[in-house]
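[1] Sequence isn't available, so here's the structure alone:
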């Protein structure tokens, strides 16, 4: 498609005629965005249209833009976000009008901005909001938080749609048939897009609320239900009112909502919900596109000619063409009757054919309408399929981008994994070495414990063996005693028997009679001897067994002794290896301790070296500051007593911090970093105090200057002495800073005496003046805005043509400037409150202002300048609008306001934190004032050029002499104006010098600049 054709269609669709946008032009714009795959041509054409000056033009732009957002290429939304700020400003500008198209344009622009923001936050929603239930679930990603937030955004979106609905209906006189007029159709046409969006938003809101009620408690969603009930009532009423309008009956089939809203507390109610469906008949999107279906286009109703039959019947009725008529014959009368019958018959046939034709026409019309509906459905399905395809392509690109990101993340993860693996390998190797050492140590401990247990076991066995040996010895002694006793007894018995035998033999010889008795006694003696012999044999056997058992015990004892000796040898070997391992570990421990001691000593030396370096550098800084006092070029440097006082106070606090850091370093030498920082800050602050004290002495009388110079030099000498004490380890703990504090206190007292007292105010008065000046500035800005609005209304009522256009543009830019100044003043107030509450000053605002009197006076002066500039700008604008003023005065006032606001920003930034959000808002407001000032200057220059173009010069009626005379007068006037311009420039320079001097004396600006310089 040719883009020039699209631009022509845009200009035809968006015009100042109060009629509805033609569908063919809007369709061309939509197709152009799909062909271009962007909206650059659309915005290039729209930016050339004066949307801010014609409400009807802006209203039709909103209608076309709404269609593009719904049915255009998806990139239309992204390209249009670049113009969001301009649309917001335009909405705010049209919002000043309380009736007519201005109010409608403001509401419509807010709706379009809300629609763009919704689709940017939820890119998966297409412009026409057509989605399936599965796609709706995928958008929420099965996260109840996403569904909750999406429901809130849909409520806001639907609220904007309903506001536009109500605004359009309230602007129409519903007592008349406004829907059939061109003006009424111009206002009602955009509501078709609103109805399409509202039906989808209502359907999705119901489904999301049912889903939320299935996941969250009912009490949490009470606010959602209340808001839905309110929007349901409005939407139902608006749908009903729209369906009764004749205009909508031909263009759209509006659905009717149920009598009662869904009951979200009952989950089964979701099955009863019916999604509202809006039906748009094909070729009926606007009245201009409607056309009457001609019957000839559908059915060929022409009856084929039958000349032969007609001619035959004519001949039968009236005779041949060559025969004359004979009305008096009977044949003629008969034929006349036949003609009547034939006419009636033909009339009946014609009537039947007409009825059949009418039936055929109705049927064909119905079939055509059905076919058109089917075509519309197929086109809708095709559009949906193409949209789904486009959405799938977008999702594919999105997924491809995500895949690339995942690949990059995977590569980074693999790199990190490899580095982590290497680190783990190193850690594992260290762990293995540690484990091996631990295992060796555990083995040594275990072997030592085993040896101790074996030693105890051997000792126990030796004890048992000794006990067994003692038992064997005791048994041996007992057996020996028994054998000895048995031998003694047998010997005694033998001796007794021999004595008895001798007595018997003696008796045998003496008495033969007793022979038999003696024989019997001899037999008994022999028996007893045998018994004794048997006992002796048994005792011998027992003795042999005891000797064998003793031998066995002795062998066991010998083996136990050998085992004991072997265990003692292994124990001695284990003890020697354990002692060696313990000695090796002890040696390693000693080496580690020695290395740690060496590193500690080296670290201590480095700490002390760093401290010594910092102290030496601090001494050089202070010495350099003292040497600058004798430099002749330093005489031109000046400073203020207030700035010297602040430097002295900072130096005293730094000395106290240095003393605390010295004590901490003396208690713990590892805290050297705090001491180094304190020494560095001490050198800079004391050096700054010396320089500023000397610079201040150049601005005071000679006596006070001498005292201040001597105090400054004493301060430098005491600071060098303190640094020297800190540099020596012997005197580090006893370094005294009391003398330096006394010198600094003396400098503070001198600076306090030198402060100017004439311009200071009381504490309460200063704080009240600041608040009054800020309030006065705000009131002046609001009053100026009201006066500009009044002038704008008067100009619209009186002026016409180019003058009205110039005045409206200038006053509109002045209105924007007043709004920007108001935002700046409010931001300055917030920043001042932030400064006081942040703890920079005292507890109350008045005490803080009194303590910082110079800064406060500068702030009051800036506030006065802003209020005065706003008042002067309004006066100049009033004179320009009335035709009595000059455009140059308006431009000068704009530049003066820009300078005053810059002064207010600079005064507010002095004591603010760099990261303060209020400071960021103040700087943003300052940039807005600068832009608004540039707008005023630009509109003024443009208006001036337009006014000057209307005053064309006409020299056609002048003679040569008159032209020569006019030329000489013009040259004289040019020379006079150049001389006057040079003088006025010199006068302006002198005025600025005087203003600067007075400002420096009255408010301390010059002293602050010298102090900071």
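    Okay, I see it. Everything numeric here is computed off the predicted structure, so don't read it as measured data.
[2] which residues in the stretch 801-950 of the chain form helices?
    Counting by DSSP state H, counting those that start in this stretch, one finds helices in the stretch 801-950 of the chain at the ranges 801-837, 845-851, 853-882, 887-909, 917-950.
[3] pLDDT on the shortest one, on average?
    Right, helix 845-851. For helix 845-851, mean pLDDT is 63.
[4] Let me have the helices of the stretch 801-950 of the chain in a markdown table, extended by distance to residue 263 and mean neighbour count.
    Backbone N, C-alpha and C define where each C-beta goes, glycine included. As requested, those are exported to a markdown table (distance: least, CB to CB, whole Å; neighbours: other CB atoms under 10 Å):
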| stretch | distance to residue 263 | mean neighbour count |
| --- | --- | --- |
| helix 801-837 | 47 | 21 |
| helix 845-851 | 56 | 20 |
| helix 853-882 | 58 | 22 |
| helix 887-909 | 57 | 20 |
| helix 917-950 | 45 | 17 |
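[5] CSV for those helices, including distance to residue 613?
    Formatted as CSV, those follow (distance: least, CB to CB, whole Å):
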stretch, distance to residue 613
helix 801-837, 38
helix 845-851, 39
helix 853-882, 38
helix 887-909, 37
helix 917-950, 38
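[6] how about the ones you listed, which one is nearest residue 272?
    helix 917-950 (50.2 Å; CB to CB).
[7] ok so residue 124 is a strand residue?
    No - counting by DSSP: H, G, I helix; E, B strand; the rest coil, residue 124 falls outside a strand, being coil.
[8] Neighbours of it, how many?
    For residue 124, the neighbour count with other CB atoms under 10 Å is 15.
[9] For residue 403, which of the helices of the stretch 801-950 of the chain is the nearest?
    Going by CB to CB, the one of the helices of the stretch 801-950 of the chain nearest residue 403 is helix 917-950, 38.3 Å.
[10] Looking at whichever helix or strand comes after the closest one now, give me its mean pLDDT.
    Of the helices and strands lying after helix 917-950 in sequence (DSSP states H and E), the nearest is helix 960-1003. The average pLDDT within helix 960-1003 is 77.
[11] and the angle from helix 960-1003 to helix 887-909?
    Counting by axes from the mean of the first three to the mean of the last three CA atoms, to 10 degrees, helix 960-1003 lies at 20 degrees to helix 887-909.
[12] now helix 960-1003: how far from the chain's centre is it?
    The chain centre lies 56 Å from the centre of helix 960-1003; the measure is CA atoms, centre = their mean, to the nearest Å.
[13] That helix - contacts with which helices or strands?
    Using 3 or more CB pairs under 8 Å, 6 or more residues apart in numbering; DSSP states H and E, the elements in contact with helix 960-1003 are helix 853-882, helix 1005-1012.
[14] Least reliable of those by average pLDDT, please.
    helix 1005-1012 (a mean of 42).
[15] still on that earlier bit, and the helices of the stretch 801-950 of the chain, which one averages the lowest pLDDT?
    helix 845-851 (a mean of 63).
[16] For residue 141, find the nearest of the helices of the stretch 801-950 of the chain.
    Here helix 917-950 is closest among the helices of the stretch 801-950 of the chain (CB to CB), at 32.3 Å.
[17] Please name every helix or strand in contact with the closest one.
    helix 801-837, helix 887-909.
[18] Can I get the ones you listed in CSV including distance to residue 375?
    Below are the helices and strands packed on helix 917-950 laid out as CSV (distance: least, CB to CB, whole Å):
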stretch, distance to residue 375
helix 801-837, 49
helix 887-909, 61
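[19] Quick one, which of those helices gets closest to residue 609.
    helix 887-909 (41.6 Å).
[20] tell me how far the closest one is from the chain's mean position?
    With CA atoms, centre = their mean, you get 35 Å for helix 887-909.
[21] Give me the contact list for it.
    810, 817, 821, 824-825, 828, 831-832, 855, 858-859, 861-863, 865-866, 868-870, 872-873, 876-877, 879-880, 919, 922-923, 926, 929-930, 933, 936-937, 940-941, 943-944 (CB atoms under 8 Å, 6 or more residues apart in numbering).
[22] Over to residue 262. Which of the three states is it?
    coil.
[23] so it touches residue 207, yeah?
    No - using CB atoms under 8 Å, residue 262 makes no contact with residue 207, being 9.8 Å away.
[24] distance of residue 869 from residue 927?
    Counting by CB to CB, to the nearest Å, the gap from residue 869 to residue 927 is 18 Å.
[25] Repeat that for residue 576.
    Residue 576 is 88 Å from residue 927, by CB to CB.
[26] Could I get the contacting residues of the closest residue to residue 36 other than its chain neighbours?
    Counting by CB to CB, 6 or more residues apart in numbering, residue 36 lies nearest to residue 3, which is 6.8 Å off, once chain neighbours are set aside. By CB under 8 Å, 6+ apart, residue 3 lies in contact with 32, 36, 41.
[27] Residue 256 now?
    236, 239, 240, 243.
[28] So the first one is in contact with residue 254, correct?
    No - with the criterion set as CB under 8 Å, residue 236 and residue 254 do not qualify as a contacting pair; they are 11.1 Å apart.
[29] who's more crowded, the two?
    Neighbour count, other CB under 10 Å: between residue 236 and residue 254, residue 254 has more, with 22 against 17.
[30] Tell me how far the spatially closest residue to that one that is not a sequence neighbour lies from residue 187.
    Leaving out its chain neighbours, the residue that sits closest to residue 254 by CB to CB, 6+ apart is residue 243, at 4.4 Å. Using CB to CB, residue 243 is found at 17 Å from residue 187.
[31] where does residue 277 land in three-state SS?
    Per three-state DSSP, residue 277 ends up coil.
[32] Any figure for the gap between it and residue 369?
    18 Å.
[33] who has more neighbours, those two?
    residue 369 (13 against 9).
[34] next structured bit after the host helix or strand of the more buried one?
    Per DSSP H and E, residue 369 falls inside helix 330-510. On the C-terminal side of helix 330-510, the closest following helix or strand by DSSP H and E is helix 515-628.
[35] just checking, next helix/strand downstream of that following helix?
    Taking DSSP H and E, what comes next after helix 515-628 is helix 641-667.
[36] now the angle from that next one to helix 515-628?
    Going by the same axes, to 10 degrees, helix 641-667 makes 160 degrees with helix 515-628.
[37] Point out the other elements, helices or strands, that helix 641-667 touches.
    With 3+ CB pairs under 8 Å, 6+ apart as the test, helix 641-667 has helix 672-697, helix 738-754, helix 1005-1012 packed against it.
[38] now those helices as JSON lines including distance to residue 462 and mean neighbour count?
    JSON lines is the format used below for the helices and strands packed on helix 641-667 (distance: least, CB to CB, whole Å; neighbours: other CB under 10 Å):
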{"stretch": "helix 672-697", "distance to residue 462": "66", "mean neighbour count": "23"}
{"stretch": "helix 738-754", "distance to residue 462": "82", "mean neighbour count": "18"}
{"stretch": "helix 1005-1012", "distance to residue 462": "98", "mean neighbour count": "18"}
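[39] For the ones you listed, please prepare TSV with the additional fields distance to residue 200.
    Output for those, formatted as TSV (distance: least, CB to CB, whole Å):
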stretch	distance to residue 200
helix 672-697	64
helix 738-754	74
helix 1005-1012	62
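[40] Of all those, which one is nearest residue 92?
    helix 1005-1012 (37.1 Å).
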